[in-house]
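Engineer: Below is the structure, and that's it, no one-letter string:
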């Protein structure tokens with residue numbers, strides 16, 4: 001996760017409160033999704049960005065998590081995400097983020 005996005009997430013959590021912020025990732029590879037999830041929940045594991053050593057405990061989900069898909073308008077989902085759902089390993093992506101959420105997030109949906 002780039003430094004600008006880390007700062008945006010940190011600013012949002014500070015402004016609105018961590019209990020009022022949900023991070024939804026769209027990474028196309030499970031390893032990257034897991035690292036991004038860890039970054040927003042437990043802090044930047046590379047200790048390079050604004051979230052280095054900052055455990056926000058934010059709830060983090062992958063867009064393919066069933067809880068997120070249930071909330072989406074089916075027509076918009078199909079138009080915006082449907083194609084990617086057919087070509088990516090959606091279960092692995094959602095699982096990678098779920099593990100980090102369960103381990104580090106203080107709040108869930």
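Structural biologist: Arrived safely, thanks for sending. Just so it is clear, the model here is predicted, and its values are computed rather than measured.
Engineer: Going by C-alpha atoms from here, please, whenever you check contacts or count neighbours.
Structural biologist: OK.
Engineer: count of residues packed around the residue lying closest to residue 47 once chain neighbours are set aside?
Structural biologist: Spatial nearest neighbour of residue 47, excluding adjacent residues (CA to CA, 6 or more residues apart in numbering): residue 53 at 6.7 Å. Using other CA atoms under 10 Å, the number of residues around residue 53 comes to 15.
Engineer: wait, residue 53 sits on residue 46?
Structural biologist: No. Counting by CA atoms under 8 Å, residue 53 does not reach residue 46; the two are 9.5 Å apart.
Engineer: show me where this protein has helices.
Structural biologist: 3-16, 30-41, 66-71, 74-80, 82-87, 90-104 (DSSP state H).
Engineer: For the ones you listed, state which one has the densest average packing.
Structural biologist: helix 30-41 (a mean of 24; mean count of other CA atoms under 10 Å).
Engineer: for it, packing partners?
Structural biologist: Packing contacts for helix 30-41, counted by 3 or more CA pairs under 8 Å, 6 or more residues apart in numbering; DSSP states H and E, involve strand 23-25, strand 60-62, helix 90-104.
Engineer: now the second one: mean pLDDT?
Structural biologist: Looking back up the chat, that one is strand 60-62. Averaged over strand 60-62, pLDDT sits at 97.
Engineer: How about stretch 17-27?
Structural biologist: 95.
Engineer: got the end-to-end distance for it?
Structural biologist: Its start and end residues considered, stretch 17-27 measures 25 Å (CA to CA, to the nearest Å).
Engineer: Can you pull out the residues in contact with that stretch?
Structural biologist: If you take CA atoms under 8 Å, 6 or more residues apart in numbering as the criterion, stretch 17-27 is touched by 12-13, 33, 36-37, 40, 56-64, 93, 107.
Engineer: Please repeat the previous calculation with a cut-off of 10 Å.
Structural biologist: For stretch 17-27, contacts defined as CA atoms under 10 Å, 6 or more residues apart in numbering pick out 9-15, 32-34, 36-37, 40-41, 56-65, 68, 81, 93-94, 97, 105-109.
Engineer: Name the nearest residue to residue 2, sequence neighbours excluded.
Structural biologist: Nearest residue to residue 2, sequence neighbours excluded (CA to CA, 6+ apart): residue 49, at 7.8 Å.
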